[in-house]
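S.K.: Return atomic coordinates for the entry below.
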Amino acid sequence: MSIQKYLQLSPSVREALAAQQPVVALESTIIAHGMPYPQNLETALRMENAVRESGAIPATIAILGGKIRVGLDAADLEYLAKTGHQIPKASRRDLPFLLSQGANGATTVASTMIGADLAGIQIFATGGIGGVHRGAAQSMDISADLQELARTSVAVVCAGAKSILDIGLTLEYLETQGVPVLGYQTNEFPAFYTRNSGFGVDYRVDTPEILAEMLEAKWVTGLQGGVVIANPIPEQVAADGLAIEHATTLALQEADEQGIRGKAITPFLLARIAALTGGKSLGANIELALNNARLAAQLAVCYSRRVQGH
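M.R.: So this is what the prediction gives:
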C-alpha cells in the first residue's frame with residue numbers, strides 16, 4: 001500500500017520539491033492552539049509570506065480528512081484558525097488513529113517533523129520546541145518533540161524552548177539523545193519570549209551558509225536525527241524576563257490547582273501568560289515566529305544550493 005493514501009502535497013510544494021527548490025515546513029498547532037483568532041490566521045499568513053520573501057516555498061502541515069496535508073491553501077488556514085481548540089493536537093502517537101479515521105489534527109513539532117520527512121522537506125520553522133516540563137521528576141511530562149528530534153532528520157529553527165519548561169533538563173535530554181543545539185548568532189540558548197536563559201548552546205553559528213554546511217555534514221555521514229537551531233527573538237521585541245517568569249509561575253500554579261495536564265497544559269499556560277502580561281507575550285510570540293520563518297527560508301536556500309552542488 002502506498003504512502004500516498006495518507007500523504008497529500010499541494011501542487012506548489014510538489015513542484016518545488018521536484019525541481020529541488022527550497023521548501024520550509026510550518027506547523028499548524030501554532031495556528032489552532034498557540035494563538036487566539038484572528039491573530040493566529042494573520043500570523044500563519046505572515047509566516048508563509050516571510051518564507052516566500054526570503055526565497056523559499058512555505059509548506060504548512062496539518063492532518064485534514066485523514067491525510068497529512070503538506071501545503072495548505074488560504075481556506076485551510078482559515079478553517080484551522082477559526083476551529084482552534086476543537087481540532088485535537090496531533091503528535092506521533094495520535095497519527096495512526098487520526099489518519100485511519102479520516103479525522104483532523106493540528107500538528108505539533110513532532111508530527112510536523114514526521115510530515116516534513118515523509119514529503120522530503122528537511123527545514124522546519126516553528127515558535128519554540130517542547131521539552132521537559134517543570135516538575136517532570138514527579139509528572140514524567142516530557143514532550144514527544146525531544147524524541148522526534150533524536151530520530152527524524154529535520155532541522156528545526158526555533159526561539160529555543162518555551163519558557164514554561166525546565167530548560168536545563170530539556171538541554172540535558174537533547175544531549176543524551178545526540179541532538180546538536182546550535183545558537184544562531186548567540187552563545188546562549190534563548191527562552192522563547194526572551195533572548196536569555198542562563199544556559200549555553202553546543203555551538204554558535206553566525207551565517208545560514210555555515211548552518212547548511214553543518215546539516216550536510218551530519219546527514220551525509222549517516223548521523224540520523226534532527227538539529228535544534230536556536231534563533232533568539234529580536235531584541236527590540238523581546239519580553240521582560242522577570243515579568244515572564246512571574247506570569248509563568250502564576251500560570252503554573254493555576255494549572256496545578258485546576259488539574260490541567262498533558263497536551264492541554266501548553267495552550268493553557270501560553271494563554272494565561274498572554275493574559276497576565278497584558279498581551280505583551282502574544283506580540284512577542286508573533287514576532288519570534290516570523291523571525292524564525294525568515295531564517296529557515298534563508299537556510300533552506302543555502303542547503304538547496306549545496307544539495308544541487310552550486
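S.K.: so what's residue 117 up against?
M.R.: 152, 153, 154 (CB atoms under 8 Å, 6 or more residues apart in numbering). Every C-beta, even on glycine, is put in place using the N, C-alpha and C of the backbone.
S.K.: nope, residue 3 is what I meant
M.R.: residue 118.
S.K.: Which stretches in the stretch 201-310 of the chain count as strands?
M.R.: 203-205, 227-230 (DSSP state E, counting those that start in this stretch).
S.K.: Can you spell out which helices and strands pack onto the longest one?
M.R.: Taking 3 or more CB pairs under 8 Å, 6 or more residues apart in numbering; DSSP states H and E as the contact definition, the neighbouring helices and strands of strand 227-230 are strand 155-158, strand 181-184, helix 208-220.
S.K.: Relative to residue 179, which of the strands of the stretch 201-310 of the chain is closest?
M.R.: strand 227-230 (6.1 Å; CB to CB).
S.K.: Show me the shaky parts of the stretch 1-150 of the chain.
M.R.: Low-confidence segments of the stretch 1-150 of the chain, defined by pLDDT under 70, are located at 1, 136-139.
S.K.: All the helices of it, in order from the start?
M.R.: 11-18, 29-32, 39-53, 74-83, 95-100, 109-119, 136-139, 144-151 (DSSP state H, counting those that start in this stretch).
S.K.: Tell me which of those sits nearest to residue 218.
M.R.: Closest to residue 218 of the helices of the stretch 1-150 of the chain is helix 144-151 (CB to CB; 12.4 Å).
S.K.: Count residues in the vicinity of residue 77, would you?
M.R.: Neighbourhood size, residue 77 [other CB atoms under 10 Å]: 19.
S.K.: hmm, back to that, most neighbours per residue, which of the helices and strands packed on strand 227-230?
M.R.: Mean neighbour count (mean count of other CB atoms under 10 Å) peaks for strand 155-158 among the helices and strands packed on strand 227-230, with a mean of 27.
S.K.: So what touches that one?
M.R.: Against strand 155-158 from outside (CB under 8 Å, 6+ apart): 109, 113, 122-129, 149, 184, 211, 215, 226-231, 292-293, 295-296, 299.
S.K.: what are the pairing partners of it, and which direction each?
M.R.: Applying DSSP bridges to the sheet, strand 155-158 is found paired with strand 123-125 (parallel), strand 227-230 (parallel).
S.K.: As a markdown table, the ones you listed with distance to residue 246 would be great.
M.R.: Listed next are those as a markdown table, based on distance: least, CB to CB, whole Å:
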| stretch | distance to residue 246 |
| --- | --- |
| strand 123-125 | 29 |
| strand 227-230 | 24 |
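S.K.: Buried deepest among those, which one?
M.R.: strand 123-125 (a mean of 31).
S.K.: Could you tell me how far that one lies from the centre of the chain?
M.R.: 7 Å (CA atoms, centre = their mean, to the nearest Å).
S.K.: Please enumerate residues in contact with that strand?
M.R.: 22-27, 47, 51, 56, 109, 112-113, 116, 154-158, 289, 292-293, 295-297, 299-300, 303.
S.K.: Equivalent analysis for stretch 159-168, please.
M.R.: Taking CB under 8 Å, 6+ apart as the rule, stretch 159-168 contacts 127-136, 143, 170, 189-194, 197-199, 230-233, 244-245, 248, 251-252, 266, 269-270, 273, 288-289, 291-292.
S.K.: By neighbour count, sort out the buried ones in these.
M.R.: 127-134, 136, 143, 170, 189-194, 197, 199, 230-233, 244, 248, 251-252, 266, 269-270, 273, 288-289, 291-292 (16 or more other CB atoms under 10 Å).
S.K.: tell me the phi and psi of residue 199?
M.R.: Phi and psi for residue 199, reported as degrees, to the nearest 10, are phi -120, psi 140.
S.K.: Can you read off the pLDDT for it?
M.R.: The score at residue 199 is 95. That number is its pLDDT.
S.K.: how close does the residue lying closest to residue 120 once chain neighbours are set aside sit to residue 118?
M.R.: Computed as CB to CB, 6 or more residues apart in numbering, the closest residue to residue 120 that is not its neighbour in sequence is residue 17, at 5.5 Å. Noted for residue 17: a distance of 12 Å to residue 118, by CB to CB, to the nearest Å.
S.K.: between the two, who's got more neighbours?
M.R.: Ranked by neighbour count (other CB under 10 Å), residue 17 and residue 118 place residue 17 first, with 19 against 16.
S.K.: Next up, the contacts around that one.
M.R.: Contact analysis of residue 17 by CB under 8 Å, 6+ apart lists 9, 23, 119, 120, 121.
S.K.: check contacts around the second one.
M.R.: Spelled out, that is residue 23. Contacts for residue 23 (CB under 8 Å, 6+ apart) come out as 13, 16, 17, 56, 57, 58, 59, 121, 123, 300.
S.K.: now it: how far from residue 118?
M.R.: For residue 23, the distance to residue 118 - CB to CB - is 13 Å.
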